[in-house]
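In: kindly generate the corresponding structure for this input.
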Amino acid sequence: MKIEVYRRHSDPKSLDIVIEYLLECSPGEVSVKLAYSSDPARALESTMRLRKVVLESYTKRCFEAIGEARP
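Out: Numbers count the residues shown, from 1 in each chain. From the prediction side, this is the model:
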């Protein structure tokens, strides 16, 4: 089994920390998130929202770099 830290997110204001691990095992690859927070649901939601914003920004820059409008 191989374990790798995939992503980390922390919010110093709320002291939320989310660490995402990738586990490679016989059934395949599994993502495991570890949340340290007084409100784990909020911490996970915040992490997912941030990932969406980053992905949208990256996608936009890629389309701009190749000179095409974003679909």
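
In: in the chain, what residue spans correspond to strands?
Out: All strands of the chain, identified by DSSP state E, fall at 2-11, 16-25, 28-36.

In: and the second one, how far from the chain's centre?
Out: Between the centre of strand 16-25 and the centre of its chain there are 10 Å (C-alpha atoms, centre = their mean, to the nearest Å).

In: can you put the strands of the chain in a markdown table and add mean neighbour count and mean pLDDT?
Out: Quick note: C-beta positions are derived from backbone N, CA and C, even for glycine. What follows is the strands of the chain, written out as a markdown table (neighbours: other C-beta atoms under 10 Å; pLDDT from 0 to 100):
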| stretch | mean neighbour count | mean pLDDT |
| --- | --- | --- |
| strand 2-11 | 12 | 88 |
| strand 16-25 | 16 | 91 |
| strand 28-36 | 12 | 90 |
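
In: do you know how far Lys13 is from Lys2?
Out: 34 Å (C-beta to C-beta, to the nearest Å).

In: what does the pLDDT read for the closest residue to Ser14 other than its chain neighbours?
Out: Leaving aside its chain neighbours, Ser14 sits nearest to Ser37 (7.0 Å; criterion: C-beta to C-beta, 6 or more residues apart in numbering). pLDDT for Ser37: 93.

In: what's the neighbour count on Ser37?
Out: The local packing of Ser37 (other C-beta atoms under 10 Å) involves 16 other residues.

In: ok so, going back, select, out of the strands of the chain, the one closest to Ile66.
Out: Among the strands of the chain, strand 2-11 comes nearest to Ile66, with 26.4 Å by C-beta to C-beta.

In: what packs against that closest one?
Out: Packing partners of strand 2-11 (3 or more C-beta pairs under 8 Å, 6 or more residues apart in numbering; DSSP states H and E): strand 16-25, helix 40-65.

In: can you give me the angle the shortest one makes with strand 28-36?
Out: If I follow you right, that is strand 16-25. The directions of strand 16-25 and strand 28-36 differ by 160 degrees, with axes from the mean of the first three to the mean of the last three C-alpha atoms, to 10 degrees as the criterion.
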